[in-house]
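> Starting from these lines, generate the structure:
(one chain, ligands or ions: 2)
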Amino acid sequence: MAQRGFIFDLDGVIVDTAKYHYLAWKKLANELGFEFTQQQNEMFKGVSRKRCLEILLQIGGITASEAQFNTWMVEKNRDYLAYIAHMDATEILPEVPKVLKYLKKMNIPLALGSASKNAVPILEKVHLKEYFDSIIDGNQVTKAKPDPEVFLMAAKQLGLAPQHCVVFEDAVAGIQAANAAGMVSIGIGEKEVLKEAHYVFKDFTEITVPFLDQLMKSTH
Ligand code: BG6
Ligand code: MG
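Numbering: from 1, shown residues only. Ligands and ions are numbered 1, 2, ... in the order given. Here you go, the predicted structure:
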């Protein structure tokens with residue numbers, strides 16, 4: 001049987017950073033004179049920083065010069081980095097280390113597939129970097145999710161065919177990217193939101209060892 005690989009998104013799957021991205025975007029929106037709601041923030045999940053700012057400015061009805069746009073990108077990231085400065089292992093989402101440990105024990109190759117340019121320092125802060133055989137993040141990808149590029153690059157680095165990879169994702173765009181890559185997609189979040197995923201769980205506490213074993217054997 002062919003080797004299976006598991007690919008994890010970072011923000012909202014491994015760590016609870018979506019709230020900090022939200023706070024940083026909200027701060028910028030408020031400074032520019034408009035509101036930015038949690039509901040609107042759903043659209044930002046899995047989406048690159050540049051695309052997020054484009055959407056934010058659309059919401060606020062603001063047009064910006066390239067120089068101004070870049071200044072706001074830098075400002076948002078500076079605020080985000082300040083929010084995560086004191087982040088530690090307590091911000092890892094429930095049962096994530098247990099699942100990573102089990103997959104490692106079973107010799108499953110693991111990759112990170114994230115849109116974030118801050119992925120590596122975050123993994124270092126929460127001491128999970130050593131679990132990943134391959135890390136693909138916003139510094140390498142050129143096409144943002146829902147394009148499958150990030151997951152296809154991860155599969156390639158693991159030396160596996162896309163159909164032998166399983167993806168854990170909390171974003172609609174991420175599930176679409178995994179599906180477009182021909183991988184098994186596991187949504188972490190609400191069933192009503194992640195409708196296109198092959199399976200959906202509220203969080204990793206709902207994911208059992210027999211289910212992981214089944215994924216290791218499944219053909220897609
Ligand atoms: C994704 C987040 O993981 O990374 C998005 O879900 C975020 O909300 C994107 O915009 C880019 O992150 P960063 O850290 O490079 O600004
Ligand atoms: Mg995410």
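> how about the residues of the chain near ligand 1?
Residues of the chain lying near ligand 1 by C-beta under 6 Å from any ligand atom: 10-11, 21, 44-49, 52, 77, 114-118, 138, 171. (Glycine included, C-beta is placed from N, CA and C.)
> Near ligand 2, list only the ones from these.
With C-beta under 5 Å from the ion as the criterion, these include 11, 171 near ligand 2.
> So which of the residues of the chain next to ligand 1 sit within strands?
Judged by DSSP state E, strands contain none of those.
> Just the buried residues from the residues of the chain next to ligand 1, in ChimeraX please.
The buried subset of the residues of the chain next to ligand 1, as determined by 16 or more other C-beta atoms under 10 Å, is captured in ChimeraX by this line:
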select :10,11,21,44,45,46,47,48,49,52,114,115,116,118,138,171
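> Just the ones of the residues of the chain next to ligand 1 in helices?
Within the residues of the chain next to ligand 1, residues falling in helices by DSSP state H are 21, 49, 52, 77.
> Break down this structure into its strands, ranges please.
5-8, 110-113, 134-136, 165-169, 184-188, 199-201.
> Is it possible to get CSV of these that adds mean neighbour count?
Converted to CSV, the strands of the chain look like this (neighbours: other C-beta atoms under 10 Å):
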stretch, mean neighbour count
strand 5-8, 27
strand 110-113, 26
strand 134-136, 21
strand 165-169, 27
strand 184-188, 25
strand 199-201, 18
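> Those: which one's closest to residue 211?
strand 199-201 (8.1 Å; C-beta to C-beta).
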